[in-house]
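1. Got a sequence here, can you build the structure:
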Amino acid sequence: MKEMPISYHRILNRLEKKEQRLLRRRTLSLLSGPMESIRGRIPNSVRNNLEYAFEKAFSLLFGPEGTRFLEHTYARKKLEQQFRAWESPLSPAQARKVLSAMERGAGLTGAVEKTAAGAEGVALGLLGIGLPDIPVLLAWLLRSLYQTATRYGFSYNSPAERVYLLLVLQGALSEGEARIALSARADKLGRAIDHGWAAEFHPEEEIRKTSALLSERLLLVKFIQGFPVVGALAGLSNLSMSSAVSEYGALKYRKRFLERKVRGL
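-> Okay, the predicted model is just below:
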């Protein structure tokens with residue numbers, strides 16, 4: 001029986017519909033409602049310390065040395081070898097199996113990262129430790145995106161690819177029109193990279209934007225996490241954030257992979 005050709009167009013169309021639903025989904029906060037009233041009473045010194053902590057963590061973890069450190073925490077070479085094998089000539093049936101395996105692998109990576117981030121946040125929350133877990137949380141988020149990028153055959157070491165990854169991270173942490181705009185920016189930059197087109201981007205500016213977005217999202221959470229016991233609830237927000245990043249990141253890199261297939265790149 002003759003195999004039916006795989007239609008990357010059809011798979012991409014389905015994924016784009018899923019993306020539209022995700023872009024319009026509201027982000028649910030574990031600390032919504034009455035606790036939001038606490039936000040306005042947080043001292044400026046705490047705000048400033050939190051923003052500085054994220055910027056410092058980014059400078060350490062997103063720099064060359066931090067990236068090399070994170071690469072030692074997962075099987076990067078194995079993922080690269082696996083992708084090269086998947087990129088060899090495949091029959092339609094093999095191609096379908098490869099796409100399914102890539103999606104399952106990205107989902108498994110996300111599940112592991114979410115569980116670890118959530119457990120770490122709750123444990124530190126019970127102990128009344130808030131700010132010290134910021135580098136740990138950032139490490140989990142970046143590690144998750146690094147693995148997803150590698151799984152789909154994308155680098156994250158060139159300046160342009162690092163900005164793309166930051167746009168994906170910003171999009172995962174945003175909602176509404178901001179998320180839609182960030183998604184469009186990531187798509188535009190990704191296509192420029194893949195086609196070899198000229199593109200304008202500013203790495204340091206995107207690092208500052210990402211740090212500011214993270215600190216805003218976690219301002220209330222980290223403040224409350226500094227109090228024993230009640231901080232455990234705030235610590236669960238790590239699970240929510242990790243879930244959002246892994247789901248959104250897997251979708252964006254999978255979409256970019258399929259677009260390359262459709263365009264024969």
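2. alpha carbons only for contacts and neighbour counts from here, please
-> OK.
3. I'd assumed A139 was in contact with S242.
-> No - contact criterion C-alpha atoms under 8 Å: S242 and A139 do not qualify, at 10.7 Å.
4. Name the residue in the two with the higher neighbour count.
-> S242 (28 against 21; other C-alpha atoms under 10 Å).
5. pLDDT score for that one?
-> With respect to pLDDT, S242 scores 81.
6. What of the one 10 residues further on?
-> The score at K252 is 96. That number is its pLDDT.
7. Let me see the contact set for it.
-> K252 is in contact with V168, counting by C-alpha atoms under 8 Å, 6 or more residues apart in numbering.
8. name the element it belongs to?
-> Secondary structure from DSSP states H and E places K252 in helix 237-262.
9. Now that helix: buried residues?
-> 237-260 (16 or more other C-alpha atoms under 10 Å).
10. Likewise for stretch 146-160?
-> Y146, Q147, T148, A149, T150, R151, Y152, G153, F154, Y156, A160.
11. Inside helices: which ones of those?
-> With helices taken from DSSP state H, the overlap with those comprises Y146, Q147, T148, A149, T150, R151, A160.
12. My guess is the last one contacts E204. True?
-> No - in this structure A160 lies outside contact range of E204 using C-alpha under 8 Å: 11.7 Å.
13. quick one: pLDDT of the closest residue to L251 other than its chain neighbours?
-> What sits nearest to L251 in space, not counting adjacent residues and going by C-alpha to C-alpha, 6 or more residues apart in numbering, is E19, at 7.2 Å. Looking at E19, its pLDDT is 94.
14. Quick check: buried residues in the helix or strand hosting E19?
-> Assigned by DSSP H and E, E19 falls within helix 8-23. Buried positions in helix 8-23, judged by neighbour count with 16+ other C-alpha under 10 Å: Y8, L12, L15, E19, L22, L23.
15. what's the answer for stretch 49-62, then?
-> Neighbour count says stretch 49-62 has L50, E51, A53, F54, E55, A57, F58, S59, L61, F62 buried, by 16+ other C-alpha under 10 Å.
16. low-confidence ranges in this structure?
-> Along the chain, the model assigns pLDDT under 70 to residues 1-5, 27-40, 86, 88-96, 98, 100-133, 219-239, 265.
17. And the helices in it?
-> Under DSSP H, the chain gives helices at 8-23, 44-61, 64-71, 76-86, 92-126, 134-151, 159-172, 176-195, 203-225, 231-235, 237-262.
18. with the buried residues of stretch 49-62 in mind, which one is nearest to K97?
-> Proximity of the buried residues of stretch 49-62 to K97 (C-alpha to C-alpha) peaks at F62, which lies at 33.6 Å.
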